[in-house]
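Chemist: Sequence first, predicted model second:
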Amino acid sequence: MALKISATSVFVSSKEKSSLRQASSYSNSKLWRYIAVKAVGGIRPKQSKQRRPQNVDGDFFVDHTCIDCDTCRWMAPQIFTRVDEMSAVYRQPTCAEERGNALQALLSCPTSSIRTEKPPSDIVKAQQTFPLPIDEQGIPGVYHCGFHSEKSYGAASYLVVHPEGNIIIDSPRYTESLARNIEKLGGARYMFLTHKDDIADHYKWSKRLSCDRILHSQEVQLSTADVEIKLEGIGPWNLSQDIQLIHTPGHTEGSVCLFYKSLKILFTGDHLAMTESGLSIGEKYNQCSVLMQLNSVRALMDLDFKWIIPGHGRRIEFKDYLEKNLNLEDFLLKHSQYDH
């Protein structure tokens, strides 16, 4: 069913109209969330950029435009927390490392809702840290691109450095400094788009890096009609000997995960994530079938992976295949009401 929004249902100022026109290409669920957070409490643009009173005193703060995407809270958990359904600074940085983490979160915030009282003189240094290697967690050659896009409601994008060609998974916000740093790591052969929601600036990236975009044919819309590779059927599809694309319909009809076999990583897009409250399929944002999505989660029990790296939410590492399956079984049991 198409989402219908009456002209009187929310307050939208004239200054926000261009943003809403841009948002009109979002999926229905994400468009609704975008409009809802813009309109909450009748907040006007001038007020929305003000410091939330829930922040502690100090340089860093979160303003009222926060869309509660959770990005800053998992990037710099020692600085940011959730208060009254938005992020806030609960502790100011006390050392260079913490300040660097806070600046990385600031740069990755999709709505520029993290601010500082004084212009940060070290912001360029923070920009140059992206893409961020996450090899300290035992997964070498995988990088967090940062620069999350509002067009994707803050979804994370990752770079996989691979001997048969690097892969960008979903699209970050286009940023020239990030493009240059990706080129230093060998550029990208592919941009794999997990589904239609998290495509952000895919066109700019494909032109800048001359990479082939991959998207399931069921996810193709006007803005992605010219993607170079359209997946057909139910797969699986192989990009290399150790990289496989797995069809996981449910969130959308053509949602696809990337399985990096040798490192035992599953990049899940919006299919499955770890949130602050546990594993989640984000069923209230489902655009196709919750039951189908749960069946796709059940199918993951046959895959030997230890890591879940989602588009939205936190990375999670399981001890082994058994622990992974025990967690998935427990999750499916808690959602057994959808089987009836």
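Modeler: Alright, I've got the coordinates. This one's a predicted model, so the numbers in the text were calculated from it and none came from an experiment. Residues are numbered from 1 along each chain as shown.

Chemist: Quote the end-to-end distance of stretch 168-178.
Modeler: The straight-line separation of the ends of stretch 168-178 (C-alpha to C-alpha, to the nearest Å) is 12 Å.

Chemist: ah, wrong one, I meant stretch 289-307
Modeler: 25 Å.

Chemist: How about that stretch, which residues are buried there?
Modeler: Neighbour-count burial for stretch 289-307, counted by 16 or more other C-beta atoms under 10 Å, picks out 289-290, 292-297, 300, 303, 305-307. C-beta here means a position set from N, CA and C on the backbone, and glycine is covered the same way.

Chemist: Need the max-distance pair from those.
Modeler: Ser289 and Lys306 (28.1 Å; C-beta to C-beta).

Chemist: if we can go back for a sec, okay, and which of the buried residues of stretch 289-307 map to helices?
Modeler: Filtering the buried residues of stretch 289-307 for membership in helices, criterion DSSP state H, returns 290, 292-297.

Chemist: if we can go back for a sec, closest to Phe130 among the buried residues of stretch 289-307?
Modeler: Taking C-beta to C-beta as the measure, Phe130 sits nearest to Trp307 out of these, at 20.3 Å.

Chemist: Report pLDDT for that closest one.
Modeler: The per-residue pLDDT reported for Trp307 equals 95.

Chemist: my guess is it contacts Ile265, does it?
Modeler: Yes - here Trp307 reaches Ile265: they are 4.3 Å apart, a contact under C-beta atoms under 8 Å.

Chemist: shared neighbours of those two, anything?
Modeler: Ile139 (C-beta atoms under 8 Å, 6 or more residues apart in numbering).

Chemist: Pretty sure Gln244 sits in a helix.
Modeler: No - residue assignment for Gln244, taken from DSSP: H, G, I helix; E, B strand; the rest coil, gives strand, which places it outside any helix.

Chemist: Find the nearest non-adjacent residue to it, please.
Modeler: Phe259 (4.6 Å; C-beta to C-beta, 6 or more residues apart in numbering).

Chemist: which residues does the one you found bridge with?
Modeler: Gln244, Leu266 (DSSP bridges).

Chemist: so which of the ones in helices among the buried residues of stretch 289-307 comes closest to Gln244?
Modeler: Of all those, the one with the least separation from Gln244 (C-beta to C-beta) is Ser296, at 14.9 Å.

Chemist: Pretty sure that closest one sits against Pro249.
Modeler: Yes - here Ser296 reaches Pro249: they are 5.9 Å apart, a contact under C-beta under 8 Å.
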